[in-house]
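*Asks:* Generate a structure from the sequence data that follows.
(3 chains)
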Amino acid sequence: MLQNFIIALDWLGLAVFSITGALVASRKRMDIVGFALLGSVTGIGGGTIRDVLLGNQPIFWIKQPAYLITCVSIASATFFFAHILQHRYRYLLWLDAIGLALFAVTGAGNAYAHGAGSTISIAMGIATATFGGIIRDILGGESPVILRQEIYITAALIGATVFVALMDIGAPQDVAVALGFIAALALRSAGIRWGLTLPRYQPKSGDQPN
Amino acid sequence: MLQNFIIALDWLGLAVFSITGALVASRKRMDIVGFALLGSVTGIGGGTIRDVLLGNQPIFWIKQPAYLITCVSIASATFFFAHILQHRYRYLLWLDAIGLALFAVTGAGNAYAHGAGSTISIAMGIATATFGGIIRDILGGESPVILRQEIYITAALIGATVFVALMDIGAPQDVAVALGFIAALALRSAGIRWGLTLPRYQPKSGDQPN
Amino acid sequence: MLQNFIIALDWLGLAVFSITGALVASRKRMDIVGFALLGSVTGIGGGTIRDVLLGNQPIFWIKQPAYLITCVSIASATFFFAHILQHRYRYLLWLDAIGLALFAVTGAGNAYAHGAGSTISIAMGIATATFGGIIRDILGGESPVILRQEIYITAALIGATVFVALMDIGAPQDVAVALGFIAALALRSAGIRWGLTLPRYQPKSGDQPN
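*Replies:* You can find the predicted model right below:
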């Protein structure tokens, strides 16, 4: 049950992240194969890191190549449709937010279902949610999203923590998934929409930049 | 048989990629140990990613340290000879092309020989062919080769696909390897020599860069 | 015995590298969660690469989450105290040097204790010592420390080699660890303090930058 629900959301996160990878490819005016590569790496990147770290072999998309084929298909299709979007970076940010919220919960849920404790489950939620985007930005030569000022990693942290805490106290599984997702998406949305930030590090006055 | 032929070409690809890593080190005026590190990471990087993803343990160069020693030796030797080359970046591009074509086939062949299906074999060909160069460019602070306009990832894709398709229809193994290699090298050569490209993404007129 | 001594130094290296990750976060004026992420990735990054390459499953911080919790705690604390330091980049370099020397020995020692040969043990020392910092610099958008002119990778190489050579000739284990650490730290310190370098690659006169 938990597994099925999480798997469905995992597919959704994968699709959404594939599009963000393709949108970065569009910003770099790559060809369709570049779209496919960058979309796939972004879509499956976070889950791949998670599986390698947890020692889950075979890795999910090697066991089921349909994951990879889906990423390639979606990213390739984006090659033909991305020009419809006027403000691609804005779409990229919002799709990235949805993917972040989905993967924060499914990444934590995947580890939790395999018997990992609370700390490691939360860490896997954060890793799954952020590493696809990190790889996308590094390969695409973009400034990494995690360096942006508004709330980002924190949203993944809170989403994964809400999910794990609810599971630990015995809440119904779909409630834990839904509330974790909502918490992460709400926080990140507030970051994009209203610039919500945590207090940032302040050097003392007269401090040099380094 | 297939294994022996592929292993020989794998050594060649490793040697060629080691030199490209060393040439990037020469562009950054690193010392001989920097040459050795960047050469090794480039030479064994793609195959390492492949083995980690496929769960091949121990990883090839840990099972046979001669791979690593070869990379270190070649990259170190390049420290003394690179100054002979007048146009190092040009040599880098061509050696990278040869390595790309070799690893596209041997990466796919390695996965294929371990029982992976067509999709995963092709994906492993692309990953093995491209990731060594990606790591090289990121560590060396170079603009990633995969972002260049001419055909690059496509060459690896076609090379791996030709090899896998010929194997699937029962062609002799050395024919599949040779034609896959030739296809990849021909495409990438046309990219370098004549600027051959696939159609690149075109934003609509009046579109903003983002 | 060897294991216990190495584990203790491993904790110290992890703590020190966590602070360097947090200091990079401070240079980018990230929030406290950014400090925790960058500090953790830097502290556990090198050892994670080592465990993945060696096939050590479960990875050390997944088996013992206390490692991860320590990194998060230290990096978070740095958020509140980093402003005390006037010259953060200088502290970053020196702490990085201590972490480099510690991990060069403990990384080699970890592989050695698991039965790896001399070549692989030395390679794992270098990988453990350098990859945490490489990941830190790439994620933090800093120019990679490995590209700096003064002795860096060489210090890790010598430290790991001294340790492995002494173990191979049957020296007492604590002596091998101590001399390896001292050799690496002395070399890197001379690099920072007096700009000690190996001869760097010299293009021939009239050579173009590429």
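*Asks:* which parts of chain A sit against chain B?
*Replies:* For chain A, the residues in contact with chain B (C-beta under 8 Å from any C-beta of the partner chain) are A:25-35, A:37, A:48, A:52, A:57-59, A:62, A:65, A:68-69, A:79, A:82-84, A:86-89, A:138-141. All C-beta atoms are positioned from the backbone trio N, CA, C, and that covers glycine.
*Asks:* rerun that using 6 Å as the cut-off
*Replies:* Listed as neighbours of chain B in chain A under the rule C-beta under 6 Å from any C-beta of the partner chain: A:26, A:28-29, A:31, A:33, A:37, A:57-59, A:62, A:65, A:83, A:89.
*Asks:* most neighbours, which of these?
*Replies:* Neighbour count (other C-beta atoms under 10 Å in any protein chain shown) singles out A:Leu37 as the most crowded of the residues of chain A next to chain B, with 28 neighbours.
*Asks:* Looking at that residue now. What's its pLDDT?
*Replies:* Here the pLDDT value assigned to A:Leu37 is 95.
*Asks:* Chain A: helices as residue ranges?
*Replies:* Using DSSP state H, the helices of chain A run over A:2-27, A:32-54, A:60-63, A:66-81, A:88-113, A:118-139, A:153-168, A:173-194.
*Asks:* So which of the ones you listed is nearest B:Ile98?
*Replies:* With respect to B:Ile98, and counting by C-beta to C-beta, the nearest of these is helix A:32-54 at 19.9 Å.
*Asks:* so what does the closest one touch, helix or strand wise?
*Replies:* With contacts defined as 3 or more C-beta pairs under 6 Å, 6 or more residues apart in numbering or on different chains; DSSP states H and E, the secondary structure elements packing on helix A:32-54 are helix A:2-27, helix A:60-63, helix A:66-81, helix A:118-139, helix B:153-168.
*Asks:* in the shortest one, what counts as buried?
*Replies:* Looking back up the chat, that one is helix A:60-63. Neighbour-count burial for helix A:60-63, counted by 16 or more other C-beta atoms under 10 Å in any protein chain shown, picks out A:60-62.
*Asks:* Equivalent analysis for the longest one, please.
*Replies:* Using 16+ other C-beta under 10 Å as the burial criterion, the residues of helix A:2-27 that qualify are A:5-6, A:9-11, A:13-27.
*Asks:* what is the orientation angle of that helix with helix A:88-113?
*Replies:* Relative orientation of helix A:2-27 with respect to helix A:88-113: 150 degrees, computed using axes from the mean of the first three to the mean of the last three C-alpha atoms, to 10 degrees.
*Asks:* Which elements pack onto helix A:2-27?
*Replies:* Contacting helix A:2-27 under the criterion 3+ C-beta pairs under 6 Å, 6+ apart are the following elements: helix A:32-54, helix A:66-81, helix A:88-113, helix A:118-139, helix A:173-194.
*Asks:* Equivalent analysis for the fourth one, please.
*Replies:* On a contact count with 3+ C-beta pairs under 6 Å, 6+ apart, helix A:118-139 meets helix A:2-27, helix A:32-54, helix A:88-113, helix A:153-168.
*Asks:* Counting by contacts, list what the last one packs against.
*Replies:* With contacts defined as 3+ C-beta pairs under 6 Å, 6+ apart, helix A:153-168 has these neighbours: helix A:88-113, helix A:118-139, helix A:173-194, helix C:32-54.
*Asks:* Of those, which is nearest B:Gln202?
*Replies:* Taking C-beta to C-beta, helix A:88-113 is the member of the helices and strands packed on helix A:153-168 nearest to B:Gln202, at 12.9 Å.
*Asks:* now check the closest one, is it near chain C?
*Replies:* No: under the criterion of C-beta under 6 Å from any C-beta, chain C is not reached by helix A:88-113; the shortest gap measures 9.1 Å.
*Asks:* What residues sit buried inside that helix?
*Replies:* Buried residues in helix A:88-113, counting neighbours by 16+ other C-beta under 10 Å, are found at A:88, A:92-112.
*Asks:* any weak-confidence spans in chain A?
*Replies:* Low-confidence segments of chain A, defined by pLDDT under 70: A:1-2, A:86, A:204-210.
*Asks:* got a list of what A:Val33 touches?
*Replies:* If a contact means C-beta atoms under 6 Å, 6 or more residues apart in numbering or on different chains, then A:Val33 has B:153-154, B:157 as its contacts.
*Asks:* again, 10 Å this time
*Replies:* The neighbours of A:Val33, taking C-beta atoms under 10 Å, 6 or more residues apart in numbering or on different chains as the test, are A:25, A:72, A:75-76, A:79, B:126, B:146, B:151-158, B:198.
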